[in-house]
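Visitor: coords please:
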Amino acid sequence: MKDATATVVEAFADALWMERGLSPNTLTAYQSDLRAFCDWLEATRAREPAAADRIDLIDYLGVLAVKGIKPRSSARVLSCLRQFYGHLLRQGLIDKDPSTRIDAPKLGRPLPRSLSEADVEALLQAPDTESARGHRDRTMLEVLYATGLRVTELVTLEWNSVSLNQGVVRVMGKGSKERLVPLGEEALAWLAEFARGPRAELLGARQCTQVFPTSRGCCMTRQAFWQLIKRYALEAGIVVELSPHSLRHAFATHLLNHGADLRVVQMLLGHSDLSTTQIYTHVAKARLQELHAQHHPRA
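Guide: Numbers count the residues shown, from 1 in each chain. Model (predicted):
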């Protein structure tokens, strides 16, 4: 790459850092993407980046696609080029931005990773319920899987939002939207047992309004609970990559696998838009196809 081009790339990186305060990793990725484009442009078109036109950019993105680069990576390259040419335009180095009217590749929506029912059962069995702390952890996992709560909703859940008689929890979700979620017999039994003894053992003389206190008598953080999930998953031998919302995803997926109505799942999850819930239908369909392939005589 010519020295002049290198200077342009460095100037662009400096401008990005000054204007947007991007992280060093992001700046490095943008510089790498831009250098690769400039090298290709010089080798195939004998042009400097300021002389590139819209067709050059489209052809380059096509080359990336042929090489098998993922749509998300191509989208990042296009974002880099758009910012680069916007920078050149603001500096008066070009008269027209060649990156306009180029559609970004469709990324699709990533499917949530879901635990199988056997994985969930193994995870639920992992805590040692002979200890107060283990009993709390088992109860938290049972409630999370039974209700599909967000982790933040679980760790901040207060006793005045739980009705053991009616078997429901009242949840204040995103956008201060309230919903009632049934607990189910198993989670309700664990919660009632936890309230009768292990919770008081954890608290001692301390007071805490949250259902699931730490041994210090304070509210557990979502980060601490995430560490618990990872530890119990390791003990249970679960190899699926987990996220803090893995049990929430499993809750939705398993409901749909067993015939639940999509709008009911939407209400239970607290989604304001049905399209947010519809992503789980893809997971459920994949499971149904797998079962069909395994058990149908003509699959």
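
Visitor: what does stretch 41-59 contact?
Guide: Contact with stretch 41-59 is made by 1-2, 4-5, 8, 34, 37-38, 60, 78, 81, 84, 88, 93-94, 98-102, as judged by CB atoms under 8 Å, 6 or more residues apart in numbering. (C-beta placed from N, C-alpha, C; glycine too.)

Visitor: Now list the buried members of those residues.
Guide: The neighbour count (16 or more other CB atoms under 10 Å) marks 1, 5, 8, 34, 37-38, 60, 78, 81, 84, 88, 94, 98-99 as buried among these.

Visitor: which one among those gets closest to residue 200?
Guide: residue 78 (58.4 Å; CB to CB).

Visitor: shouldn't that closest one be in contact with residue 100?
Guide: No - look at residue 78 against residue 100 with CB atoms under 8 Å: they stay out of range, at 11.4 Å.

Visitor: Tell me where the stretch 51-200 of the chain has strands.
Guide: Counting by DSSP state E, counting those that start in this stretch, the stretch 51-200 of the chain has these strands, from start to end: 162-163, 168-172, 178-182.

Visitor: out of these, nearest to residue 213?
Guide: Residue 213 lies closest to strand 162-163 among the strands of the stretch 51-200 of the chain, at 13.9 Å (CB to CB).

Visitor: Check which helices and strands the closest one is in contact with.
Guide: Packed against strand 162-163 by the contact rule (3 or more CB pairs under 8 Å, 6 or more residues apart in numbering; DSSP states H and E) you find strand 168-172.

Visitor: And the strand it packs on, how far out from the chain middle?
Guide: Remark: strand 168-172 is offset 23 Å from the chain centroid, using CA atoms, centre = their mean, to the nearest Å.

Visitor: For that strand, give the mean pLDDT please.
Guide: Strand 168-172 carries an average pLDDT of 89.

Visitor: What ranges in the stretch 1-150 of the chain fall below the confidence cut-off?
Guide: Applying pLDDT under 70 to the stretch 1-150 of the chain flags residues 1-6, 19-22, 105-113.

Visitor: Which single one of the buried ones among the contacts of stretch 41-59 is nearest to residue 242?
Guide: Looking across the buried ones among the contacts of stretch 41-59 and measuring by CB to CB, the closest to residue 242 is residue 78, at 31.9 Å.

Visitor: Over to residue 213: give its phi and psi.
Guide: The phi and psi values for residue 213, taken as degrees, to the nearest 10, are phi -80, psi 160.

Visitor: That one touches residue 220, doesn't it?
Guide: Yes - at 7.2 Å, residue 213 and residue 220 qualify as touching, with contact defined as CB under 8 Å.

Visitor: who has more neighbours, these two?
Guide: Using other CB atoms under 10 Å as the criterion, residue 213 and residue 220 rank with residue 220 on top: 23 against 18.

Visitor: Quickly note the distance from the more buried one to residue 143.
Guide: Look at residue 220 and residue 143: by CB to CB, to the nearest Å, they are 13 Å apart.

Visitor: Likewise for residue 121?
Guide: 16 Å.

Visitor: who has more neighbours, the two?
Guide: residue 143 (26 against 12).

Visitor: thought that one was touching residue 186?
Guide: No - using CB under 8 Å, residue 143 makes no contact with residue 186, being 9.7 Å away.

Visitor: what sits against the residue lying closest to residue 187 once chain neighbours are set aside?
Guide: Nearest non-adjacent residue to residue 187, counting by CB to CB, 6 or more residues apart in numbering: residue 146, 3.6 Å away. By CB under 8 Å, 6+ apart, the residues touching residue 146 are 182, 183, 184, 186, 187, 251.

Visitor: could I get the residues you listed as a markdown table with distance to residue 51 and pLDDT?
Guide: Converted to a markdown table, these look like this (distance: CB to CB, whole Å; pLDDT from 0 to 100):
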| residue | distance to residue 51 | pLDDT |
| --- | --- | --- |
| 182 | 65 | 90 |
| 183 | 66 | 91 |
| 184 | 66 | 88 |
| 186 | 68 | 93 |
| 187 | 65 | 93 |
| 251 | 55 | 87 |
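
Visitor: Nice, that's everything, thank you.
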